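**Student:** What would the 3D arrangement of this be:
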Amino acid sequence: MASVNKQQAQNIHLDDAKARFSKALNFALLNKFGRVPTANSLANQFNFRAEGIAGVTRETARKWLTGQAIPEVAKLIVLVDWLELDANTFMSTRPTDALTDDDVVMDTIRELLKHMDDKTRSTILITAWALRETQGLQAHKLDLPTLRRALMLNIGSH
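**Tutor:** Numbers count the residues shown, from 1 in each chain. This is a model prediction of the structure:
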């Protein structure tokens, strides 16, 4: 019985996350283009920018737009960079009016870590710790774009 309730709660949480992502995506597209493009146009525009990762189909783009799916992390990074999406608006699990900036950052990082395999998760955590220790970055000042840039710079330099 408890596992059914836990599964139902997880499904509700996932559905909420999909809806928040869809709302943020549609809003960002509206701001960028003055309208929400068709799923085919979104897929084409995304694929043009998705260098080094697999592209998406029109059907996948439609699911993003309608709140039926959330992109994997690599695709999410492309969307965040391209559309200047604020990941905090759709990754948080708590009401935004009750959140501090630190809460939003931590919720975002926790949500991203949930979708990573163990090796990637360990690498990210070790790298973040090393960056904080070696470069004097304070944990409460780490935001997702800064962390991503720092990680990419460090990964690219080795």
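
**Student:** Is residue 69 in a helix, a strand, or coil?
**Tutor:** Assigned state for residue 69: coil (three-state reduction, DSSP: H, G, I helix; E, B strand; the rest coil).

**Student:** List the residues that contact it.
**Tutor:** By Cβ atoms under 8 Å, 6 or more residues apart in numbering, the contact list for residue 69 reads 18, 60, 63. Heads up, the C-betas are built off the backbone N, CA and C, glycines and all.

**Student:** What's the separation between it and residue 57?
**Tutor:** 11 Å (Cβ to Cβ, to the nearest Å).

**Student:** same thing with residue 117?
**Tutor:** 24 Å.

**Student:** Kindly report the same for residue 30.
**Tutor:** Counting by Cβ to Cβ - residue 30 and residue 57 are separated by 22 Å.

**Student:** And for residue 113?
**Tutor:** Residue 113 is 27 Å from residue 57, by Cβ to Cβ.

**Student:** cool, and residue 67?
**Tutor:** 17 Å.

**Student:** who has more neighbours, those two?
**Tutor:** Using other Cβ atoms under 10 Å as the criterion, residue 67 and residue 57 rank with residue 67 on top: 18 against 12.

**Student:** Give me the nearest residue to that one, chain neighbours excluded.
**Tutor:** residue 22 (3.4 Å; Cβ to Cβ, 6 or more residues apart in numbering).

**Student:** The one you found and residue 64 touch, don't they?
**Tutor:** Yes: here residue 22 lies in contact with residue 64, judged by Cβ atoms under 8 Å, at a distance of 6.7 Å.
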